[in-house]
Structures are given as C-alpha cells and as structure tokens.
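S.K.: Fold the following.
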Amino acid sequence: MPDWVRDRTVDELADWMKEDIQTGMENTSVKAGFIKLAATDDGLTELEEKVLRGAARAAEETGAAIAEHTSGPRSGLTMLKEMKVLRDEGFNLRKFIWVHAHSELDLSLHIKAAEAGINVEYDAVGGGQPDDFFIDLVKRMVRNGYETHMLLSQDAGGYNAAEPGGGKPRDLCYIIDHFLPSMQREGMKDLIPVIMIENPRRTFELTTTG
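M.R.: Prediction:
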C-alpha cells in the first residue's frame, strides 16, 4: 500500500478513484472500469477498511463494481467484515465481488454472501483444483437459487515474472475449451450464458441510480 494512502481521508480516496473512473488514470484519457482492492489473509485491517469505504463511496457515485481479493482460510470471515462495512456505507452489494471465494471451505458462507447480493467468484478454474471441485460449487449455488450471483475465471496470467523465461504459462482458454464442455456434460448448458455473459455484464456495467 503506498504511504500516501495512509494520510488520505476516506473522501479523498473516493475522489481519487472517481477521477480514475470518470476522467482518466494518471493524467491520461484511459478510464478505469471497476475498482480492485485487496484484504490481507489475516483479515480486514484498519487501513484496508478505510480504502474499502472510499471505494464504496466512489463506486456508488460512478456505478462501478468493487472486486476485492479475499483469500485464505479466513476469507469468509473477512468477507463478512467487508459486507458490514459496505452496508454501513449504504453500498449496493450486487456490485461487490468476493474474489477467490473458493478458498473458503465453509460453503454456507458462499450462500450467505449470495443471499446478501454479493457476487461469489470462483476464479482458479484450470489451476490446482480439479474441474469437479468447481462443478460441485456451481451446482451447490444453483440448488440454492443463486446462479445469478456467480462469476468464473482462471486467475491466470500469461507468465510468471519470478521464473526464468517467464515459467510455464497457463492455458488462458481453459474455461472455454475444457470447463464449459464439462458443465454442458453435467446438464448445465442453459446456465453457461448466465454465468459467462449475463452475470459479468450486469456486475461490471457502469450504471448509477441517480
């Protein structure tokens, strides 16, 4: 976290984020499309909470989504803290994304998040876990009626800067080439456009209520 963030107020952070979304980032015409944040694996720190509050105010005014890296064995508890902060700010939880939700083994917390309106993102498809792990997560959400609160991705970059030659890149088309056919074989063909098109479009669309 840059040192200057520690000295800014919540509203100053919100104004900075709004500038990036509405005008452009770092004196360019390139506008941000959503707000990406992170919480430590040990929980939401005081500084991270301040940034989250700033993001909530900026996102509420601009219609942007907030995606927060929340992983590790305590990710569900951290998500509950984030939910409390966002509710305190009057933020629309349907524009919040719980990134790395699959790292929380207490699946009841996935349902609790979706019930509140949060988008539950399973984003290591094609990574360390087998496809059946994610198929089961998707089926559980569907059984509970929350198919419109799921996002899927691979959390994969093209290379690893820490390894010689960039390491071995992961297949960036894994979901399209392998996972979606698995969903189709499991009888979830009609669910694919919901998760892969409608949910992302609704979540990331820049819309305001004002």
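S.K.: distance between the longest helix belonging to the chain and the chain's centre?
M.R.: Ranked by residue count, the top helix of the chain under DSSP state H comes out as helix 46-62. Helix 46-62 sits 15 Å away from the centroid of its parent chain (CA atoms, centre = their mean, to the nearest Å).
S.K.: moving C-terminal of it, what's the next helix or strand?
M.R.: Tracing the chain past helix 46-62, the next element assigned as helix or strand by DSSP states H and E is strand 66-69.
S.K.: For that next one, name the packing helices and strands.
M.R.: strand 35-38, helix 46-62, strand 96-99 (3 or more CB pairs under 8 Å, 6 or more residues apart in numbering; DSSP states H and E). In this view, the C-beta of every residue, glycine as well, is placed from N, C-alpha and C.
S.K.: how about those in JSON lines, adding mean pLDDT and distance to residue 162?
M.R.: As requested, the helices and strands packed on strand 66-69 are arranged in JSON lines below (pLDDT from 0 to 100; distance: least, CB to CB, whole Å):
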{"stretch": "strand 35-38", "mean pLDDT": "97", "distance to residue 162": "19"}
{"stretch": "helix 46-62", "mean pLDDT": "97", "distance to residue 162": "25"}
{"stretch": "strand 96-99", "mean pLDDT": "98", "distance to residue 162": "21"}
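S.K.: Tell me which of these is the most buried.
M.R.: Counting by mean count of other CB atoms under 10 Å, strand 96-99 has the highest mean neighbour count of these, with a mean of 27.
S.K.: one step back: so which elements touch the longest helix of the chain?
M.R.: Using 3+ CB pairs under 8 Å, 6+ apart: helix 46-62 touches helix 3-7, helix 10-22, strand 35-38, strand 66-69, helix 75-88.
S.K.: So which of these is the most surrounded?
M.R.: On a mean-neighbour basis (criterion: mean count of other CB under 10 Å), the most buried of the helices and strands packed on helix 46-62 is strand 66-69, at a mean of 23.
S.K.: In JSON lines, list the helices and strands packed on helix 46-62 along with distance to residue 159.
M.R.: Output for these, formatted as JSON lines (distance: least, CB to CB, whole Å):
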{"stretch": "helix 3-7", "distance to residue 159": "29"}
{"stretch": "helix 10-22", "distance to residue 159": "26"}
{"stretch": "strand 35-38", "distance to residue 159": "20"}
{"stretch": "strand 66-69", "distance to residue 159": "20"}
{"stretch": "helix 75-88", "distance to residue 159": "26"}
